[in-house]
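> I'll drop the sequence and a predicted model, then ask my questions.
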Amino acid sequence: MISTLRTILEVFYLVSILLLVKHYIHLFRNVVKLRRENKQSIGSTRGKLERAIRAHANFCETAPISIILSLFLYFHNYLFFAFPSVILLLVGRKIHSDAISNVDEDLDMRVKGMKLTLYSIYLSCLGIIFHLFQMLYYFIKLKYS
């Protein structure tokens, strides 16, 4: 039963990582497409191009730390922290980039997307703290037994 649950969580975790990569590529291609349409190789002319650049840049600024933290948890077999963390990141980045890319920006959705991203980072940090306490517990147990 436990190994089945672990396998399911592992599959969903890895699929979520792949979806994050797909989303990153989508944001990148959107910037390239708008640059070509506007014949603007560097900088921006405001409007849709500026928003596409910021959506892509914001993803690049926030997603890597969360992915690195969740990978640490994943490789230490803490899927119960890594899986929800990467799901929060996936949903948060999608909501945020959709809100910021739209010229009629929905600030409430943008804030919700950022909050989910931060919750992802907090959850990963909580998992790492759990790992540290577990290491400390086993160290003390080994030392005094």
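Great, that's in hand.
> Which helix or strand contains Lys33?
helix 2-38 (DSSP states H and E).
> Phe80: what's it in contact with?
Leu9 (Cβ atoms under 8 Å, 6 or more residues apart in numbering). (C-beta placed from N, C-alpha, C; glycine too.)
> Can you report how many residues lie near Leu132?
Other residues near Leu132 number 10, with proximity taken as other Cβ atoms under 10 Å.
> Then Lys115?
14.
> Distance-wise, check it relative to Ser101.
18 Å (Cβ to Cβ, to the nearest Å).
> do Lys143 as well
54 Å.
> Could you check which of these two is surrounded by more residues?
Set Lys143 next to Ser101 and count neighbours by other Cβ under 10 Å: Ser101 wins out with 17 against 7.
> State the distance from Val103 to Glu50.
Between Val103 and Glu50 the distance is 10 Å, computed by Cβ to Cβ.
> Between these two, tell me which one has more neighbours.
The neighbour comparison of Val103 against Glu50 (other Cβ under 10 Å) goes to Glu50, with 14 against 9.
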